[in-house]
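*Asks:* Build me a structure from this.
(one chain, ligands or ions: 1)
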Amino acid sequence: MNITKLNQIYEGKAKKVYATSDPAYYIVEYKDDATAFNGLKKGTITGKGVINNKMSNIMFRMLEGKGIKTHFVEELSDRETVVRAVKIVPLEIIIRNVAAGSFSKRYGVEEGRELKCPTLEFSLKDDALNDPLINDSHIIALGVATEKELEQIRKLAYGVNDALKEFFASIGVKLIDFKIEAGRLPDGTIILADEISPDTCRFWDAKTNEKLDKDRFRRDMGRVEEAYHEIFGRITGKK
Ligand code: TMP
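*Replies:* Reported below is the predicted structural model:
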């Protein structure tokens with residue numbers, strides 16, 4: 001693709017975003033930096049940026065194949081990818097298949113309990129407020145998204161869940177829960193953005209329930225890099 005990387009326009013906890021010579025595209029660059037608890041815990045997961053970049057792109061291609069529109073355009077290098085320039089809807093869109101993490105804490109449910117149906121919840125993306133949970137009527141009342149956009153986001157989230165659950169089951173992994181973000185194209189279309197990686201999903205080995213995701217970092221469980229490599233190895237068929 002014939003575009004040039006220009007100035008950095010955003011730096012998040014795990015990625016940087018750059019403008020390019022074509023306003024329709026950005027370049028994202030994945031870092032090895034890891035944070036948890038809204039940045040209170042900081043560290044490095046060596047090689048994470050490369051794995052999250054490549055894994056997200058494999059997931060986006062798979063989802064595109066199932067008719068889900070994503071921001072993915074082209075992988076440029078180990079850590080850099082060209083994406084469509086979208087305005088991110090400031091919501092963390094979370095789907096859960098099995099109780100874990102903040103859901104287990106909030107409702108006093110043991111981690112690992114199968115839910116009778118997938119759940120969908122939203123958090124407002126606002127670090128200063130600690131990403132508070134937000135409901136549909138609040139989202140609409142505050143103008144974070146319209147009713148029509150929310151409907152598209154729900155459809156997107158459940159569609160991604162169906163596709164990811166099936167994919168991960170085929171490589172011996174249970175998809176416990178995940179977070180996605182949605183973006184608006186200039187014409188208002190909602191597409192899938194951000195990343196799909198062990199930073200943003202919970203993956204448990206289907207047989208042993210071993211955690212193969214960022215919980216190993218959040219909870220100081222050790223073998224963090226190994227977990228990222230294990231998931232990536234299964235995805236790319238090297239294991
Ligand atoms: P939670 O149980 O801590 O609410 O996390 C639910 C899912 O969302 C889990 O797969 C991890 C992911 N997640 C993020 O991607 N970013 C975040 O800032 C948080 C808190 C969770």
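*Asks:* all helices of this protein, in order?
*Replies:* Counting by DSSP state H, the chain has these helices, from start to end: 48-65, 101-107, 136-141, 147-169, 215-218, 224-235.
*Asks:* now do the same end-to-end measure for stretch 95-104.
*Replies:* Start to finish, the residues bounding stretch 95-104 are 14 Å apart (CA to CA, to the nearest Å).
*Asks:* Just checking that stretch against the ligand, any contact.
*Replies:* Yes. Judged by CB under 6 Å from any ligand atom, stretch 95-104 comes into contact with the ligand at 100-103. Backbone N, C-alpha and C define where each C-beta goes, glycine included.
*Asks:* out of the residues you listed, who's nearest Asp78?
*Replies:* Each of the residues of stretch 95-104 next to the ligand was checked against Asp78 using CB to CB; the closest is Gly101, at 29.5 Å.
*Asks:* tell me the contacts of the closest one?
*Replies:* Gly101 sits next to 111, 177, 202, 215 when contact means CB atoms under 8 Å, 6 or more residues apart in numbering.
*Asks:* One more: Asn97?
*Replies:* Asn97 neighbours (CB under 8 Å, 6+ apart): 114-115, 118, 161, 165, 174-177.
*Asks:* Check Ile191 too.
*Replies:* Under the criterion of CB under 8 Å, 6+ apart, the neighbours of Ile191 are 69-71, 84, 86, 182-183, 185.
*Asks:* TSV for those residues, including neighbour count, pLDDT and distance to Ala169?
*Replies:* Formatted as TSV, those follow (neighbours: other CB atoms under 10 Å; pLDDT from 0 to 100; distance: CB to CB, whole Å):
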residue	neighbour count	pLDDT	distance to Ala169
Lys69	15	98	24
Thr70	24	99	21
His71	25	98	26
Arg84	18	98	29
Val86	20	98	30
Ala182	23	99	25
Gly183	19	98	28
Leu185	15	98	32
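*Asks:* just to revisit the earlier point, export the helices of the chain to a markdown table and tack on distance to Ser77 and mean pLDDT?
*Replies:* As requested, those are exported to a markdown table (distance: least, CB to CB, whole Å; pLDDT from 0 to 100):
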| stretch | distance to Ser77 | mean pLDDT |
| --- | --- | --- |
| helix 48-65 | 8 | 98 |
| helix 101-107 | 32 | 98 |
| helix 136-141 | 36 | 98 |
| helix 147-169 | 25 | 98 |
| helix 215-218 | 24 | 98 |
| helix 224-235 | 17 | 98 |
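*Asks:* Measure how buried the closest residue to Ile171 other than its chain neighbours is and give me the count.
*Replies:* Taking CB to CB, 6 or more residues apart in numbering as the measure, Ile171 lies nearest to Arg234, with 4.3 Å between them; neighbours along the chain are not counted. When neighbours are counted by other CB atoms under 10 Å, Arg234 registers 18.
*Asks:* Which one of the residues in this protein is closest to the ligand?
*Replies:* Proximity to the ligand, evaluated over the chain using CB to the nearest ligand atom, is greatest for Gly101 at 2.2 Å.
*Asks:* How about Arg202: what's its closest non-neighbour residue?
*Replies:* Using CB to CB, 6+ apart, the closest residue to Arg202 is Ile176 (3.7 Å).
*Asks:* Okay then, goodbye and thanks.
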